[in-house]
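Student: how would this look folded up:
(2 chains)
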Protein chains: 2
Amino acid sequence: MTGSTIQLDHGSGGRATHELVQELFATAFNNKFLLEMNDSALVEIEAGRLAMTTDSYVVDPIVFPGGNIGSLAVHGTINDLCMCGARPLYLTAGFILEEGLALKTLREIVAGMADAARKANVFIVAGDTKVVPRGKADKIFINTAGIGIVPPGINIGGHNARPGDAVLINGTIGDHGMAIMCKREGLAFENEIRSDSSSLHELVGAMLESCPHINVLRDPTRGGVATTLNEIAQQSNVGIQLEEDALPIREDVAGACEILGLDPLYVANEGKMLVCLPVDAVQEVLQVMRRHPAGRAACQIGEVVADNAGRVVMKTRIGGLRLVDMLRGEQLPRIC
Amino acid sequence: MTGSTIQLDHGSGGRATHELVQELFATAFNNKFLLEMNDSALVEIEAGRLAMTTDSYVVDPIVFPGGNIGSLAVHGTINDLCMCGARPLYLTAGFILEEGLALKTLREIVAGMADAARKANVFIVAGDTKVVPRGKADKIFINTAGIGIVPPGINIGGHNARPGDAVLINGTIGDHGMAIMCKREGLAFENEIRSDSSSLHELVGAMLESCPHINVLRDPTRGGVATTLNEIAQQSNVGIQLEEDALPIREDVAGACEILGLDPLYVANEGKMLVCLPVDAVQEVLQVMRRHPAGRAACQIGEVVADNAGRVVMKTRIGGLRLVDMLRGEQLPRIC
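Tutor: This is a model prediction of the structure:
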């Protein structure tokens, strides 16, 4: 492969595309499914419930503390599969590249994807590359789609929260969004704020082994914890009551939010999940979660109630109740 | 939903995103899988070989004679599944929208997708919408990923061409690419050149019923017939010999190619497929193809040979042989 940047003919479908695919993508994602190089990949699948999901990633900057757009895309799609209780199996990757993107940057991003996939034991089995002229996209956009198998007996969904359920989270709030914003705005703290971007499949697997009757799992990405809890409250037609005092927020994240005028409840997370489950399972599940690196700081942050159906309210530190609405307006563009 | 254009907060993940999803996407794609509105869609699947594929679409212009970027995205992914002999089942759709895109245009594109999916009896079960600021993308990019089941006994792939096989095509060459180029360049002909964008699942189904032993199916999209035949020749380590006289090309497409200095063998198609199959099945399969609207002009254009392994050669009208290489350089940017 010649040159140091992406050129239009890397997207032509001709020789330059083939070289890019062979020398960069096939080498990094190296697996027998992809290497067949047909219009579709063929994988063997067992009968059952298949989970299927997709996300496009347009995050800016494309490399940030704790990851890059590539690792983020793989983690994000794996997590969307996990949130239905599925065991993630196979991903696809679609690249839209801007003419002039440094090949070195693309290599770094693709390495991040390959590494994230390998760690989660999923295969990137099919892909596509398009190149648009300079100024018609911003460096790189990535789409990942994925499939996984949901084991029998698992029934997780946003409509399953029940009054009396506890609401848990597996760690601190707002880390991803503030890592992106600090990098974008050039804010420096004593300790760099790092994205929490990571795959939750192992943690979810351990939790389901201990408690197959988890009702809801959902990852609070764009729109943050507040928006995701509102979705659950609406889909399940229940109220959700948060305890402000219980919300785990890193001090530097809280500080950065204050400087930028943001509410951490609306800031994106990429390695967090909200859990609704019967209250009698809370202690055991919290123990399981805390044994896993992705769940060290797991805690209960609220409960599902019958009152205020479709709404989220928060008991504030001074004892009042305030309504926590869904995000309105664009708090953080291009956060994922 | 207020306003007439896409705004940044339509991509926030908050209230505006929810309204867009509910009022536009969910209404158009209307199916029980999508309407669950969880992080992944759940579908029941039989055990077997699953085909999985993805493509991103960046075509410019986004609406063109014979389709739009939405219908193209659905047809393209359905066809990639068909080319492995799979029965297409479920698609995902990822949208990257530029701030300021007219909602009317988005509605037209989404209607094109919904219509294409409905006609093919596939469901768009999961989706994602991102919005980037004005100037950071060009109106709309769409990714579609898809899955389908390959029936037992089917073994189709780019590595399966055998010396002696006939090479067929289901119709005229270069229609899609020239429809895009004529629209982009403002070239007008007496009869408008229309894209051949369409789903090939029905035609492939009928062909496989008549001849389960088809060796290769591949759709000559970017890079055109020449590039796709080179891929097959390399993967199968065979030669492919084309008959120039046998290539079906519409007169207006040939004329437009001449004006723009393009070779129709390298121009993209979006409703065509190349077929390699044992010569004793040719007459029956051609009859089956010609009975279907997508195969009316089906014909044999060449044969697979043992000589010239990895190469494509063409017997020219005047009786010479010329090498037909893979596309080099970017002939037609943003053609799909």
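
Student: For the rest of this, base every contact and every neighbour count on C-alpha atoms.
Tutor: Fine.

Student: List the buried residues for the helix or strand that residue A:117 is a member of?
Tutor: Taking DSSP states H and E as the criterion, residue A:117 maps to helix A:103-119. For helix A:103-119, burial by neighbour count (16 or more other CA atoms under 10 Å in any protein chain shown) applies to A:103, A:105-106, A:108-117.

Student: Show me which residues of the stretch 201-336 of chain A are close to chain B?
Tutor: Counting by CA under 8 Å from any CA of the partner chain, the residues of the stretch 201-336 of chain A close to chain B are A:218, A:222-223, A:227, A:326-334.

Student: Which residue ranges of the stretch 51-200 of chain A form helices?
Tutor: In order along the chain, the stretch 51-200 of chain A carries the following helices (DSSP state H, counting those that start in this stretch): A:69-82, A:103-119, A:175-185.

Student: right, so of the ones you listed, which gets closest to residue A:196?
Tutor: Of all these, the one in closest proximity to residue A:196, counting by CA to CA, is helix A:175-185 (5.4 Å).

Student: C-terminal to the closest one, what's the next element?
Tutor: Remark: after helix A:175-185, the chain's next helix or strand is helix A:201-210, criterion DSSP H and E.

Student: which residues are in contact with the helix or strand containing residue A:322?
Tutor: For residue A:322, the element it lies in under DSSP H and E is strand A:321-323. Residues from elsewhere that reach strand A:321-323, judged by CA atoms under 8 Å, 6 or more residues apart in numbering or on different chains: A:311-316.

Student: ok, of the residues you listed, which come out buried?
Tutor: A:311-315.

Student: Could you check how far the most centrally placed residue in chain A is from residue B:53?
Tutor: When chain A is reduced to its mean C-alpha position, the closest residue under CA atoms, centre = their mean turns out to be residue A:76, at 3.2 Å. Computed as CA to CA, to the nearest Å, the residue A:76 to residue B:53 distance reads 19 Å.

Student: same deal with residue A:279?
Tutor: Applying CA to CA to residue A:279 and residue B:53 gives a distance of 42 Å.

Student: who has more neighbours, the two?
Tutor: For the pair residue A:279 and residue B:53, the greater number of neighbours falls to residue B:53 (29 against 13), based on other CA atoms under 10 Å in any protein chain shown.

Student: Would you enumerate the residues in contact with the closest residue to that one other than its chain neighbours?
Tutor: Closest residue to residue B:53 in three dimensions, ignoring its sequence neighbours and counting by CA to CA, 6 or more residues apart in numbering or on different chains: residue A:40, at 4.6 Å. Neighbouring residues of residue A:40 by CA under 8 Å, 6+ apart: A:126, B:51-54, B:80-81, B:83-84.

Student: Just the ones of those residues in strands?
Tutor: A:126, B:51-54 (DSSP state E).

Student: Report pLDDT for the residue nearest to residue B:53.
Tutor: For residue A:40, the pLDDT comes out at 95.

Student: Now do residue A:300: how many residues are near it, please.
Tutor: When counting by other CA under 10 Å, one arrives at 22 neighbours for residue A:300.

Student: Would you mind measuring from it to residue A:83?
Tutor: When CA to CA is applied, the distance between residue A:300 and residue A:83 equals 18 Å.

Student: rewinding a little: most neighbours among the residues of the stretch 201-336 of chain A next to chain B, which one?
Tutor: Counting by other CA under 10 Å, top hit in those: residue A:223 with 30 neighbours.

Student: mind listing what the spatially closest residue to residue A:4 that is not a sequence neighbour touches?
Tutor: Counting by CA to CA, 6+ apart, residue A:103 is the residue found nearest to residue A:4 once chain neighbours are left out, at 5.4 Å. Under the criterion of CA under 8 Å, 6+ apart, the neighbours of residue A:103 are A:4-6.

Student: Buried among those residues? Make that a PyMOL selection.
Tutor: The PyMOL command for the buried members of the contacts of residue A:103 (criterion: 16+ other CA under 10 Å) is given here:
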select buried, chain A and resi 5+6
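
Student: of the contacts of residue A:103, closest to chain B?
Tutor: residue A:6 (12.2 Å; CA to the nearest CA).

Student: surely the closest one meets residue A:100?
Tutor: Yes. Counting by CA atoms under 8 Å, residue A:100 is a contact partner of residue A:6 at 5.1 Å.

Student: what kind of secondary structure is residue A:241 in?
Tutor: With DSSP: H, G, I helix; E, B strand; the rest coil as the basis, the three-state label of residue A:241 is strand.

Student: need the strands for chain A, in chain order.
Tutor: Assignment of strands within chain A using DSSP E yields the ranges A:41-45, A:48-57, A:63-64, A:67-68, A:87-98, A:123-132, A:140-150, A:166-169, A:216-218, A:239-243, A:274-277, A:299-305, A:312-315, A:321-323.

Student: Can you tell me which helices and strands the second one packs against?
Tutor: The one in question is strand A:48-57. In terms of contacts (3 or more CA pairs under 8 Å, 6 or more residues apart in numbering or on different chains; DSSP states H and E), strand A:48-57 is packed against helix A:69-82, strand A:140-150, strand B:41-45, strand B:87-98, strand B:123-132.

Student: Give me the pLDDT for residue A:191.
Tutor: The score at residue A:191 is 82. That number is its pLDDT.

Student: residues in contact with it?
Tutor: Contact criterion CA under 8 Å, 6+ apart gives residue A:252 as the residues in contact with residue A:191.

Student: ok, now how distant is the closest residue to residue A:112 other than its chain neighbours from chain B?
Tutor: Spatial nearest neighbour of residue A:112, chain neighbours left out: residue A:71 (4.7 Å); criterion: CA to CA, 6+ apart. Here the distance between residue A:71 and chain B works out to 18 Å (CA to the nearest CA, to the nearest Å).

Student: Could you tell me how many residues sit around residue A:71?
Tutor: One way to gauge burial is a neighbour count; for residue A:71, by other CA under 10 Å, it gives 24.

Student: now do residue A:318
Tutor: As a burial measure, residue A:318 scores 8 neighbours (other CA under 10 Å).

Student: What of residue A:320?
Tutor: Here the number of neighbours of residue A:320 (other CA under 10 Å) works out to 9.

Student: Equivalent analysis for residue A:245, please.
Tutor: Residue A:245 has 12 neighbours, counted by other CA under 10 Å.

Student: likewise residue A:153?
Tutor: Residues near residue A:153, counting by other CA under 10 Å: 8.
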